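Enquirer: Quick one: sequence plus predicted model below, questions after.
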Amino acid sequence: MDIVDLEERSMREIAGLYRKFSFDVQIVPPVLNSFLDQDSRVRYYACEALYNIAKVVRGDFIIYFNKIFDALCKLSADSDANVQSAAHLLDRLVKDIVTESDQFSIEEFIPLLRERMNVLNPYVRQFLVGWITVLDSVPDIDMLGFLPDFLDGLFNMLSDSSHEIRQQADAALSEFLQEIKNSPNVDYGRMAEILVRRAGSTDEFTRLTSITWINEFVKLGGEQLVPYYADILGAILPCISDEEEKIRVVARETNEELRAIKADPTEGFDIGAILSIAKRELNSEHEATRTEALHWFFTLLDQYRAEFLAYLNDIFDPLLNALSDPSDVVVLLVLEVHARIAEESHHFHHLVSYLICTFHNNHFLLEKRGALIVRRLCVLLGAEKVYREFSTILESEVDLDFASVMVQALNLILLTSTELGELRSLLKKSLVDSCGKDLFQSLYASWRHSPMATISLCLLAQAYSHASCVIQSLGEEDINVKFLVQLDKLIRLLETPVFAYLRLQLLEPGKHTWLLKTLYGLLMLLPQQSAAFKILRTRLKTVPFSENIKRTSSANPYSQILQVTEDGNRNQDTQNYSAINFPSLLQQFEHMQLQHRNHLKDQLQSRKSASALTLSQEIQRYEAAHSSSLSEINRPPSRTSKGIL
């Protein structure tokens, strides 16, 4: 009898003993315990013995599968190469037995697999991925149904330092994703939670794989994913600005897919949660992410306006803060969101009030972005509506300094922006059109905070006689450095196309006497050495004075209207010009300027008082610090002291 026959005979005898005594003396457990022996030879022979047992008994071996799997999992990372080799042979045999057995319980095995998936040892990871792949290939074993239990572990392996492990994990995930596409019953919800976490991984390959899975889930999941939309959006938006182009492309595609889905809030669609995510991403350091977050505000406003407005108190301040964004693209989108919110009148008033408050607290924003914000709002909501609302609120502004600055900013925008061309055209008709008159009076109510803004408004409305009266009403306190700076700007603006009509009117000085008087009044206020003085004087030198200029003879400019009206239409101008109560407007202007003068005096007095108080405190501190020295100096000499002082 040769060696092979003896080996087969021994195996049959062992198998016979196993069949006879396995449930009584339990042959397998002692062998399994030997896997823990410190001697590598014992572990090796234990693998060999278990291999022989399994090869003979085959299916009866399954009842010990979980214990055997646990033992093999540990042996796969054994320090002895021979033990590892023996364990690999045993592992392949056990896989063969399991794939052909009808007694294997996947339900009992999954908890053990889930427990082992977080092990970091590369040999164990290879062992686990191998088993997942084998079991998934068995038609009668539904590994896809248990995928949420070990999906996170597979994603964890994508960032392993071993290229081979990453490839194996990626291959397994790709196979599962293909099965998901072909399966009608998939638990998207539990897996979505895992994918959302992995989308924020520091590992680039893990992010790409997770965002790819999310993309497929959004396409396939449908209503199952409704409760997870906010979480998914929270994973997508940061990836839109990822450094890796592939991730950015997939993230943008997923974002568009998600935004195109129309879900019913009554079916678990949490608008508040999505708004919270979009609000959070407004603070992202990446412009692309902030932009897409704002697009979500658009989407929710369009599809769920009533529900959106219910959360307005939570998002209004962050949206206003976004107006300070360094990106003009973001600022313009924010304004569009605000404009859509402001379709209702009370929301519109709220918006303008908050804007004024924001400009009041952030002068830098007013200086750098004020023009952009106001111009865009005028385009979106209507220039007349916006300017009337600004004027109404600023009319009662308590902070006079800010009111003056704000009015000057609005006036400059009015005189220079192409978007406000129609508003300027309406103001030019103030003396002949009721709508123009109403607009003029509405703006005048707040423009009187600034003398130069008032004069500019009068020039735009062609109310030249009132402009002249405003100039003559100015006192020496009003003509300060700030006033002269504003006057310099106005003189330069007179040379722009906006005031081309005014310059052409100078060709007929007889019809526009008050215009000449106004311009000469401005000229007299300018320092002679200034560039603005030279510009205006040069312009006035070109006026043809050859014809007889008609003048009023009364000291009161309102006692009679010019015989030749300012727009060349005497009857119409006289009627509408009289309809505006300019004497009353002049009184209002003078009253407002008086308030500004008193406010300036109070400020100066406060500064003097503060300076005096500071000086007094400094003296007191000095005296306190040197009191001991002074007392020594001023102390009389002691009677007992001898010598000459």
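Expert: It's in. Because the structure is predicted, anything quoted here is derived from the model rather than measured.
Enquirer: separation between the nearest residue to Lys95 once chain neighbours are set aside and Arg92?
Expert: Computed as C-beta to C-beta, 6 or more residues apart in numbering, the closest residue to Lys95 that is not its neighbour in sequence is Val134, at 5.0 Å. Every residue, glycine included, has its C-beta placed from N, CA and C. Using C-beta to C-beta, to the nearest Å, Val134 is found at 10 Å from Arg92.
Enquirer: and Leu536, what does it touch?
Expert: With contact set as C-beta atoms under 8 Å, 6 or more residues apart in numbering, Leu536 has these partners: 491, 494, 519, 522-523, 526.
Enquirer: Could I get the pLDDT score of it?
Expert: pLDDT for Leu536: 95.
Enquirer: which SSE is it in?
Expert: helix 531-541 (DSSP states H and E).
Enquirer: Ok, Leu502 next?
Expert: Short version, using DSSP H and E: Leu502 is in helix 500-505.
Enquirer: Which is the succeeding secondary structure element to that helix?
Expert: The C-terminal neighbour of helix 500-505 among helices and strands, as given by DSSP H and E, is helix 513-525.
Enquirer: what stretches of the stretch 501-645 of the chain score poorly on pLDDT?
Expert: By pLDDT under 70, the low-scoring segments of the stretch 501-645 of the chain are 546-578, 609-645.
Enquirer: so where do the helices sit in it?
Expert: Under the criterion DSSP state H, counting those that start in this stretch, the stretch 501-645 of the chain contains helices at 513-525, 531-541, 570-579, 582-625, 627-634.
Enquirer: Could you pull up the residues touching the nearest residue to Asp399 once chain neighbours are set aside?
Expert: Leaving aside its chain neighbours, Asp399 sits nearest to His360 (6.6 Å; criterion: C-beta to C-beta, 6+ apart). Neighbouring residues of His360 by C-beta under 8 Å, 6+ apart: 399, 402, 406.
Enquirer: Go through these and flag which are in strands.
Expert: Using DSSP state E, no member of the contacts of His360 falls in strands.
Enquirer: Using TSV, lay out those residues together with pLDDT and distance to Ile356.
Expert: Output for these, formatted as TSV (pLDDT from 0 to 100; distance: C-beta to C-beta, whole Å):
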residue	pLDDT	distance to Ile356
Asp399	93	10
Phe402	95	9
Met406	96	7
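Enquirer: Which one of those residues is nearest to Tyr311?
Expert: Proximity of these to Tyr311 (C-beta to C-beta) peaks at Met406, which lies at 29.9 Å.
Enquirer: ok, now how distant is Leu120 from Ile165?
Expert: Separation of Leu120 from Ile165 (C-beta to C-beta) stands at 11 Å.
Enquirer: do Gly222 as well
Expert: Here Gly222 is placed at a distance of 34 Å from Ile165 (C-beta to C-beta).
Enquirer: Name the residues that touch the helix holding Leu502?
Expert: Counting by C-beta under 8 Å, 6+ apart, 428, 459, 462, 494-495, 511-512, 515, 539, 566 sit against helix 500-505.
Enquirer: go again using 6 Å as the cut-off
Expert: For helix 500-505, contacts defined as C-beta atoms under 6 Å, 6 or more residues apart in numbering pick out 512, 515.
Enquirer: What distance do you get for the residue found closest to Cys239 once you drop the neighbours it is linked to in the chain to Leu427?
Expert: Leaving aside its chain neighbours, Cys239 sits nearest to Ala251 (3.7 Å; criterion: C-beta to C-beta, 6+ apart). Counting by C-beta to C-beta, the separation of Ala251 from Leu427 is 49 Å.
Enquirer: who's more crowded, the two?
Expert: Neighbour totals were compared for Ala251 and Leu427, and Ala251 leads with 29 against 26 (other C-beta atoms under 10 Å).
Enquirer: was I right about the more buried one contacting Pro238?
Expert: No - here Ala251 does not reach Pro238: they are 8.3 Å apart, not a contact under C-beta atoms under 6 Å.
Enquirer: Spell out which residues make up each domain of the chain.
Expert: Per the TED database, the structural domains of the chain span 344-449, 463-543+581-607.
Enquirer: Point out the most buried one among those.
Expert: Burial of these is given as mean neighbour count (mean count of other C-beta atoms under 10 Å); domain 344-449 ranks first at a mean of 18.
Enquirer: just how off-centre is that domain within its chain?
Expert: Computed by C-alpha atoms, centre = their mean, to the nearest Å, the chain-centroid distance of domain 344-449 equals 26 Å.
Enquirer: check contacts around Met592.
Expert: Arg448.
Enquirer: run the last query once more with 7 Å
Expert: Shown in contact with Met592 (C-beta atoms under 7 Å, 6 or more residues apart in numbering): 448-449.
Enquirer: Roughly how far does it sit from Ala467?
Expert: Applying C-beta to C-beta, the value for Met592 to Ala467 is 16 Å.
Enquirer: Just to check, Gln303 is in contact with Lys262?
Expert: Yes - counting by C-beta atoms under 7 Å, Lys262 is a contact partner of Gln303 at 6.4 Å.
Enquirer: Spatially central residue (nearest the centroid) of this protein, please.
Expert: Centroid-nearest residue in the chain: Leu282, 1.6 Å away (criterion: C-alpha atoms, centre = their mean).
Enquirer: so what's the backbone phi/psi at that residue?
Expert: With angles defined as degrees, to the nearest 10, Leu282 sits at phi -60, psi -20.
Enquirer: do Leu120 as well
Expert: Backbone geometry at Leu120, expressed as degrees, to the nearest 10, gives phi -90, psi -10.
Enquirer: for Ser473, same thing?
Expert: Per-residue torsions, Ser473: phi -80, psi -10 (degrees, to the nearest 10).
Enquirer: So it is in contact with His591, correct?
Expert: No - in this structure Ser473 lies outside contact range of His591 using C-beta under 7 Å: 10.9 Å.
Enquirer: re the thing from before, the helix holding Leu536 vs helix 513-525, what angle?
Expert: Helix 531-541 runs at 150 degrees relative to helix 513-525, counting by axes from the mean of the first three to the mean of the last three C-alpha atoms, to 10 degrees.
Enquirer: Report the mean per-residue pLDDT for stretch 281-293.
Expert: Across stretch 281-293, pLDDT averages out at 94.
Enquirer: residues of that stretch that come out buried?
Expert: Residues of stretch 281-293 classed as buried under the neighbour-count rule (16 or more other C-beta atoms under 10 Å) are 281-282, 284, 288-293.
Enquirer: farthest-separated two in those residues?
Expert: The two members of the buried residues of stretch 281-293 with the most space between them (C-beta to C-beta) are Leu282 and Ala288, at 12.7 Å.
Enquirer: so where's the protein uncertain?
Expert: Applying pLDDT under 70 to the chain flags the ranges 1-26, 546-578, 609-645.
Enquirer: rewinding a little: for the buried residues of stretch 281-293, give me a markdown table that also has distance to Leu275.
Expert: Below are the buried residues of stretch 281-293 laid out as a markdown table (distance: C-beta to C-beta, whole Å):
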| residue | distance to Leu275 |
| --- | --- |
| Glu281 | 11 |
| Leu282 | 11 |
| Ser284 | 15 |
| Ala288 | 20 |
| Thr289 | 16 |
| Arg290 | 15 |
| Thr291 | 16 |
| Glu292 | 14 |
| Ala293 | 10 |
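Enquirer: mind listing which of those residues are in strands?
Expert: The strands in this structure, assigned by DSSP E, contain none of the buried residues of stretch 281-293.
Enquirer: that older thread, for the residue nearest to Asp399, pull up the helix or strand it's in.
Expert: helix 345-361.
Enquirer: by contact count, what packs against the helix or strand that that helix is followed by?
Expert: Note on helix 345-361: by DSSP H and E, the next helix or strand toward the C-terminus is helix 363-381. With contacts taken as 3 or more C-beta pairs under 7 Å, 6 or more residues apart in numbering; DSSP states H and E, helix 363-381 sits against helix 328-341, helix 345-361, helix 400-416.
Enquirer: any chance of those in a markdown table, plus distance to Phe297?
Expert: Below are these laid out as a markdown table (distance: least, C-beta to C-beta, whole Å):
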| stretch | distance to Phe297 |
| --- | --- |
| helix 328-341 | 5 |
| helix 345-361 | 14 |
| helix 400-416 | 26 |
